[in-house]
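Asker: Fold the following, please.
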Amino acid sequence: MNGRVLVFGLVALLALAVGFDAWWQLNIGAPVPSALSGLPPTVQGSTGLPVQPRIAQGAEYERCLAMVPGDPAGAYALADAWEATGGGDGATHCNAAAQLALGNTEAGAELLEKLAKGSKAAPLARAFVFGQATQAWLMAGDAARAYGAATMALALAPDDIDLLIDRSIAAATMARYLDAIDDLNLALDRDPRRTDALVFRAAAWRHEGQLALANDDVTRAVAIDPDFPEAMLERGILRQRRGNLDGARTDWQRAIELAPDTATADLAQQNISLLEVGPRLR
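Answerer: Below is the predicted model:
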């Protein structure tokens, strides 16, 4: 499996940046396509994210998935009818995609987890669907179920970096920051240049009060990719914590420049606004 980086990874960063208990409030009303970040390319639209291996094949499967972005209700009806006539894994997967597109994240997560458990597909394909279930459970606000799904995925694909990152997100959402760091350590052992994992680990260290370790990680991330907007967001938070308000403002302004009209930019702007209000409150 390949890195999702800034699609599902942004979920993690927002959670880390604003506090895991608050991220779900920020995500209320988020665009539906974000719910489809882990699904096949016909569902994802223009993201271009690779998603092999597939849980199913065939023209009907592709047709059903292709309907999801523009007509999720139609895709759901097609998948439901197809399941009733023996559509198998493909019908169930399309049903789950349609449920997510319709905003029924818990129902979609349940379907994905059930599919991954019961499918006779290859282990890597099942691991991928467990990974999708992990993301869907997080979007549904159930970090414990997300953690369980990620653990089942890793039992099938123990070296998958994305799954380790996903499980770290679930752990941190439950304020289990040290468990999150353990998974991120494993991910970075496998690929030391994963800037998303470095930024997530920096934020987890920050939540543990280990600002020096957090700063080391975000410095490494910026050295690898100086235009990584989430690294700018996190470095700004760390600079603000150390009293470097001008540096924090500069980083947040840079995050906005790099990723305008995104949730990252919104958070950076909120932080800048708080900096401006702060002195007047003291």
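Asker: Span of stretch 82-92 from start to end?
Answerer: Looking at stretch 82-92, the gap from its leading to its trailing residue is 9 Å under the measure CA to CA, to the nearest Å.
Asker: What average pLDDT does that stretch get?
Answerer: For stretch 82-92, mean pLDDT is 94.
Asker: can you list the domain ranges for the protein.
Answerer: The chain breaks down into these domains under automatic domain parsing: 1-30+176-277, 31-158.
Asker: now Leu245, nearest residue through space, not along the chain?
Answerer: Leu275 (5.8 Å; CB to CB, 6 or more residues apart in numbering). Where you see a C-beta, it was placed from the backbone N, CA and C, and this is true even at glycine.
Asker: now that neighbour: how far from Gly243?
Answerer: When distances are taken as CB to CB, to the nearest Å, Leu275 and Gly243 turn out to be 12 Å apart.
Asker: what about these two, which has more around it?
Answerer: Between Leu275 and Gly243, counted using other CB atoms under 10 Å, the more crowded position is Leu275 (16 against 8).
Asker: secondary structure class for that one?
Answerer: Following DSSP: H, G, I helix; E, B strand; the rest coil, Leu275 is assigned to helix.
Asker: What's the separation between it and Asp261?
Answerer: For Leu275, the distance to Asp261 under the criterion CB to CB works out to 21 Å.
Asker: thinking again about what came up before, mind pulling up the pLDDT for the residue nearest to Leu245?
Answerer: According to the per-residue confidence, Leu275 scores 89 in pLDDT.
Asker: Same check on Gly278?
Answerer: The predicted local distance difference test score for Gly278 is 70.
Asker: Helix or strand: which one has it?
Answerer: According to DSSP states H and E, Gly278 maps onto helix 263-281.
Asker: Can you report how many residues neighbour Leu124?
Answerer: Leu124 has 14 neighbours, counted by other CB under 10 Å.
Asker: What count of nearby residues applies to Pro192?
Answerer: Look at Pro192: counted by other CB under 10 Å, it has 11 neighbours.
Asker: ok, now which ones touch it?
Answerer: Remark: with contacts taken as CB atoms under 8 Å, 6 or more residues apart in numbering, Pro192 is in contact with nothing.
Asker: low-scoring stretches of the stretch 151-282 of the chain, by residue?
Answerer: Along the stretch 151-282 of the chain, segments meeting pLDDT under 70 span 279-282.
Asker: for the stretch 1-150 of the chain, that is, sorry about that
Answerer: 1-52.
Asker: Ala127 in helix, strand or coil?
Answerer: Three states are possible here, and by three-state DSSP the one that applies to Ala127 is helix.
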